[in-house]
Structures are given as C-alpha cells and as structure tokens.
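Peer 1: My questions concern the predicted model and sequence given below.
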Amino acid sequence: MEDLPESLLAEIVKRITRRCDLNSLSLVSKQLYTIDESVGQQKSPSDFIFLPQKGFDPSYDAHNPSTYDFCCDSLKDLRLARMTPGQEIGLRVLLGKCKALEKLWLEYVTGLNDNDMIALSRSCSNLRSISLWLSPQFYDYSCRTSFTDDSLKALAISCPMLQAVELTFFDCDPCWPSEIGFTLEGLLVLIKSCPVSVLVLNGANFFNDEGMEAISSAPFLETLELVDCVAITDAGMRFVTYTPCLTNLTLRLCNKVTDSGVAELGRAHKLQCLIIEGCEGISEKAVQGAARSVHYSIKSASCGELKRVCKERG
C-alpha cells in the first residue's frame with residue numbers, strides 16, 4: 001500500500017465515513033495517518049479521537065518506537081478512551097510530539113504512569129484543558145490510579161496556561177484512600193501554580209473541607225463542580241464565600257452538605273449559578289435565593305449525562 005500514489009490513497013480515505021475506521025489508518029502506516037489528518041482537516045482541523053476496538057496496538061514494538069511516530073505537531077484536541085497502549089514507550093512518544101495540544105481527555109486509559117504525563121507536560125506548554133477519568137490498577141503489589149502527585153506537579157511547572165481541570169475517579173473506595181494516586185497537597189500545587197478557572201472533582205474522596213479552605217485563595221477559580229465528594233461538609237461551604245472569583249457552584253451527591261451549608265451561600269449573595277443534584281441533606285426550599293440562577297433536583301444526572309456535559313464544556 002505504501003507504493004500507491006498519494007492522490008489515490010487520499011481518494012480512498014475520503015470514501016471512509018466512519019471515524020473509527022479512519023482512526024484505524026493510523027495503525028497501518030505513517031503515510032496513511034498523514035493523509036487521514038490532511039483529509040480530516042476539511043471536517044475538523046484539530047480534533048482526533050482514538051477509540052481502538054481491541055484495547056491495544058498489536059503492532060507495538062518496544063525496540064522500534066517509530067511505530068508511534070505520528071504526524072501530530074498541529075494537533076490541538078486529543079481524546080483517548082478505554083484503551084491500553086503499548087508498554088512504556090508507545091503513548092509517551094505520542095504525547096511528547098503533540099506540541100500544539102490544548103485539550104486532552106484521557107478516559108479510563110490503562111497502562112499509563114507519571115512518566116507519560118511528565119513527557120506530555122514538557123512538550124505541551126499550550127495545554128489549556130485536561131480531563132482525567134481514572135480507576136484503580138495494580139502497580140507493584142498496590143492498587144491505585146495511574147498518576148500520582150508527580151504528574152500534577154509536572155503540569156504545574158510546565159503548563160502555565162492550564163485553565164480547566166477535571167479529575168474523575170471511578171470505583172475508588174473512600175475506606176481505601178490510597179487507591180487514588182493524587183493527594184490534596186498535589187492538587188493544591190496545581191491550582192496555585194496555574195490559572196485554573198474551572199475545577200471538576202468527581203469521586204475525589206481526598207478533597208475535604210481543608211481543601212475548600214485552601215482553594216478559597218485561588219485567584220482565577222470561577223467554576224467549581226463537586227460530584228460524590230464524600231468528605232465535603234457544611235464547614236467547607238463557608239469558604240466558597242471567600243473565593244474571590246467563584247460564581248458557579250455545582251454539588252452532586254455530596255450528602256454531608258445540608259441546608260445549613262447552603263444558607264452560608266445565600267447570606268453571601270455571591271453566586272451567579274448554583275446547581276444542586278442528588279444531595280439528600282439539602283432541601284429545595286433551602287436553595288431558593290442562594291444564587292441568581294438555581295437548579296435543584298432530588299436525583300443526580302446519570303453517568304452518561306455527566307459525561308456529555310463534560311464533553312460540551314471542553
């Protein structure tokens with residue numbers, strides 16, 4: 001196939017309509033990937049979604065990293081979902097070449113570690129948005145999520161334009177805090193070092209009232225979304241009123257927050273938008289007047305709906 005004229009290969013690519021089939025071209029040859037990227041620019045010049053069906057690249061060769069030598073210097077938006085890349089070198093080489101990357105979404109990508117994120121941060125100084133959906137994996141006789149505070153600190157040092165951060169943790173038991181590789185200390189280093197204006201924490205059982213107090217001094221934070229953050233209580237709500245630019249607050253499945261905590265928000269008259277969903281300790285009556293715009297629901301959005309909201313935000 002490498003011997004075919006590029007014009008003929010381009011015509012072949014144009015006739016492939018399914019995105020998953022186009023993505024598969026990148027696993028065949030560098031030439032086909034280049035053509036796919038060129039043709040794809042007619043539809044979406046900076047987006048690339050990689051959703052491999054088998055979970056890993058069977059052509060990966062640790063002694064031949066050129067297999068992953070993709071032409072992605074102009075790539076701005078990258079989403080990798082539910083896949084397992086080749087061991088060690090594969091994804092690290094890819095992320096290290098995405099120098100123009102602005103948005104990254106890693107959704108339950110297994111087999112990664114801090115070295116991958118460090119490679120990314122060193123190359124992608126233009127990164128503005130990062131979304132990490134993580135679940136525990138086995139690492140050297142321990143079970144935890146892929147990245148640790150070393151990844152957050154690398155982002156803090158090398159990505160000075162980072163504005164939106166989403167950290168979602170699935171199947172992490174609050175009784176076993178070590179299942180999450182991040183700590184409150186690492187998160188605060190990131191928030192204080194970068195102009196983070198949007199912060200979404202889902203299932204972050206390490207984030208507590210102390211964390212709420214710490215981010216109250218974040219000068220750029222405008223939107224805070226807390227989902228299933230079991231350690232947040234009414235005491236933490238008091239610090240919302242001290243956060244200088246915070247105007248949008250969402251609480252989902254935060255069952256230790258009660259009407260008393262919401263009352264703190266109402267007295268401050270600070271919030272533009274307040275969304276309360278599935279918080280059993282908060283009544284609909286309590287949220288009235290707590291912000292200029294209020295949405296209240298006894299039930300929380302489903303996982304699929306939350307995923308769509310996050311994608312639209314990015």
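Peer 2: Right, received. Where do you want to start? Numbers count the residues shown, from 1 in each chain.
Peer 1: mind listing the strands for the stretch 51-200 of the chain?
Peer 2: Along the stretch 51-200 of the chain, the stretches classed as strands by DSSP state E, counting those that start in this stretch are 77-81, 103-107, 129-134, 137-139, 142-144, 164-169, 198-202.
Peer 1: Could you spell out the sheet neighbours of the fourth one, each with its direction?
Peer 2: It refers to strand 137-139. Strand pairing for strand 137-139, determined by DSSP bridges: strand 142-144 (antiparallel).
Peer 1: Sort out which residues of the strand it pairs with are buried, please.
Peer 2: Across strand 142-144, burial judged by 16 or more other Cβ atoms under 10 Å covers R144. Every C-beta, even on glycine, is put in place using the N, C-alpha and C of the backbone.
Peer 1: what's it in contact with?
Peer 2: P136, Q137, W176, S178, E179, I180, G181 (Cβ atoms under 8 Å, 6 or more residues apart in numbering).
Peer 1: Restricted to helices, list the residues you listed.
Peer 2: Using DSSP state H, no member of the contacts of strand 142-144 falls in helices.
Peer 1: Which one of these is nearest to D114?
Peer 2: Of all the contacts of strand 142-144, D114 sits closest to G181, with 8.5 Å by Cβ to Cβ.
Peer 1: From K256, how far out is the closest one?
Peer 2: Distance of G181 to K256, given as Cβ to Cβ, to the nearest Å: 24 Å.
Peer 1: Pick out whichever of the two has more residues nearby.
Peer 2: Legend: neighbour count by other Cβ atoms under 10 Å for G181 and K256, higher for G181 (25 against 18).
Peer 1: Give me the nearest residue to G111, chain neighbours excluded.
Peer 2: In this structure, G111 finds its nearest non-sequential neighbour in T84, 4.7 Å apart by Cβ to Cβ, 6 or more residues apart in numbering.
Peer 1: any idea how far the one you found lies from S197?
Peer 2: Shown here: T84 relative to S197, a distance of 33 Å by Cβ to Cβ.
Peer 1: Check the separation of the first and last residues in stretch 211-229.
Peer 2: Criterion Cα to Cα, to the nearest Å; first-to-last residue distance in stretch 211-229 is 11 Å.
Peer 1: Pull the contacting residues for the nearest residue in space to S135 that is not next to it in sequence.
Peer 2: What sits nearest to S135 in space, not counting adjacent residues and going by Cβ to Cβ, 6+ apart, is F170, at 4.5 Å. By Cβ under 8 Å, 6+ apart, F170 lies in contact with Y108, W133, L134, S135, G203.
Peer 1: quick one: which of those residues is most hemmed in?
Peer 2: For those, the largest number of neighbours (other Cβ under 10 Å) sits with L134, at 26 neighbours.
Peer 1: Please report the distance of C194 from A119.
Peer 2: Counting by Cβ to Cβ, the gap from C194 to A119 is 18 Å.
Peer 1: Looking only at neighbour counts, state which of the two leads.
Peer 2: Shown here are C194 and A119; by other Cβ under 10 Å, C194 has more neighbours (22 against 19).
Peer 1: from what I can see the more buried one touches I157, true?
Peer 2: No - look at C194 against I157 with Cβ atoms under 8 Å: they stay out of range, at 9.7 Å.
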